[in-house]
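sequence unavailable; structure follows:
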């Protein structure tokens, strides 16, 4: 299993999609930094607004922070799904796995090795991307991070790095079950469903519409990627201790932060995806 994980890690680092995502990430961080720099300059000109200035800084700053983390999550999702959706299916279609399966290697070790190899690469990339976004905010948007402590920053970073493991698990379930194209379509559809459900939940929370909130909760149970993102934003924003928390809600914020029970569910969800992938691969006729 460890050898397969090592080889998978090296394989991912050489994929073109990984290099393309790295370039896109650098472009994103550059544009994001310019945006925050211009926003900071505009905010500094609002000295004559008195107490209103603090509120405006908090609202705009929180949305810019959420925006940065949201698009970082999208880049992370792009790499997670594009790189791993064919992790098993494409190798079955090419016949590469026939040579591996014929050797005395358990099929479960193949799935676990691939999952841990992809997972290590994606989580490492997530931490680097998260660090870039937070560094830019510390430089140009420090006021919004006034309630953020070291332990909360580490906690938020670890949860952010957990996001690709959800998408990786979903991609591997369908990669061991269907062909590469089908697995990709289903995985991206589920990710999109989670995004839309997350927006519905935030809108429902702002206008007190329980039906929209319930839709968001349902999609979070189907795929908890967006719920995990909202948890990260709530931790970084310090919503529980933030007196302006009601003003920071928006499409990239969190009106009602997900509970710790959702984190437990996320862990069970990831484990379930791994076990289902192993089951599918064992039953699949190569």
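That came through fine. Please read these numbers as outputs of a predicted model, since none were measured by experiment.

distance of residue 16 relative to residue 116?
According to C-beta to C-beta, to the nearest Å, residue 16 and residue 116 sit 22 Å apart. No exception for glycine: its C-beta is placed from N, CA and C like everyone else's.

these two: which is more packed in?
A count of neighbours by other C-beta atoms under 10 Å puts residue 116 above the other of residue 16 and residue 116, at 19 against 9.

need the contact list for that one.
Contact partners of residue 116, counting by C-beta atoms under 8 Å, 6 or more residues apart in numbering, are 1, 5, 8.

likewise residue 180?
85-86, 89-90, 93.

what about the helices in this protein?
2-14, 16-44, 51-84, 89-94, 96-101, 107-140, 150-175, 180-207, 210-222, 225-237, 260-283 (DSSP state H).

ok, back up a step: would TSV of the contacts of residue 116 with pLDDT and distance to residue 222 be doable?
TSV is the format used below for the contacts of residue 116 (pLDDT from 0 to 100; distance: C-beta to C-beta, whole Å):
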residue	pLDDT	distance to residue 222
1	73	29
5	78	28
8	74	27
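
between the residues you listed, which is nearest residue 209?
residue 8 (44.2 Å; C-beta to C-beta).

surely that closest one and residue 111 touch.
No. Using C-beta atoms under 8 Å as the test, residue 8 is too far from residue 111 to be in contact (10.8 Å).

out of the two, which sits in the busier spot?
residue 111 (26 against 22).

what number of residues lie near the closest residue to residue 21 other than its chain neighbours?
Leaving aside its sequence neighbours, residue 21 sits nearest to residue 79 (C-beta to C-beta, 6 or more residues apart in numbering; 4.4 Å). Look at residue 79: counted by other C-beta under 10 Å, it has 27 neighbours.

coming back round to it: closest one to residue 252 among the helices of the chain?
Per C-beta to C-beta, nearest to residue 252 of the helices of the chain: helix 51-84, 3.0 Å.

could you pull out the buried residues of that closest one?
Buried residues in helix 51-84, defined by neighbour count with 16 or more other C-beta atoms under 10 Å: 57-73, 75-84.

equivalent analysis for stretch 221-241, please.
Neighbour count says stretch 221-241 has 223-239 buried, by 16+ other C-beta under 10 Å.

by mean pLDDT, show me the worst of the helices of the chain.
Among those, helix 96-101 has the lowest mean pLDDT, at a mean of 66.

test my guess that residue 24 contacts residue 75.
Yes. With contact defined as C-beta under 8 Å, residue 24 counts as touching residue 75 (6.1 Å).

the residue lying closest to residue 187 once chain neighbours are set aside - how many residues pack around it?
Among residues not flanking residue 187 along the chain, residue 171 sits closest, at 4.8 Å (C-beta to C-beta, 6+ apart). By other C-beta under 10 Å, 32 other residues sit near residue 171.

so residue 171 sits against residue 87, correct?
Yes. In this structure, residue 171 is within contact of residue 87 by C-beta under 8 Å, at 7.1 Å.

related to what we said a few turns ago, contacting residues for the residue nearest to residue 187?
Here residue 171 is in contact with 80-81, 84-85, 87, 183, 187 (C-beta under 8 Å, 6+ apart).

one more time with 6 Å
With contact taken as C-beta atoms under 6 Å, 6 or more residues apart in numbering, residue 171 is in contact with 81, 84-85, 187.

just residue 27 next, same as before
Not one residue lies near residue 27 by C-beta under 6 Å, 6+ apart.

measure it to residue 33 for me?
11 Å.

ok, now residue 123?
24 Å.

coming back round to it: just name the closest of the contacts of residue 171 to residue 144, please.
residue 81 (30.2 Å).

can you tell me which residues contact the closest one?
167, 171, 187.

got those as CSV, with distance to residue 268 columns?
Formatted as CSV, the contacts of residue 81 follow (distance: C-beta to C-beta, whole Å):
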residue, distance to residue 268
167, 16
171, 18
187, 19
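
from those residues, pick the one nearest residue 12.
In terms of C-beta to C-beta, no member of the contacts of residue 81 lies closer to residue 12 than residue 171, at 12.6 Å.

check the gap between the closest one and residue 142 for me.
Residue 171 is 37 Å from residue 142, where distance means C-beta to C-beta.

re earlier: among the contacts of residue 171, which two are most distant?
84 and 187 (8.8 Å).

quick one: residues contacting the residue nearest the centre of the chain.
For the chain, the residue nearest the mean C-alpha position is residue 163 (3.7 Å; C-alpha atoms, centre = their mean). Residues near residue 163 by C-beta under 6 Å, 6+ apart: 225, 228.
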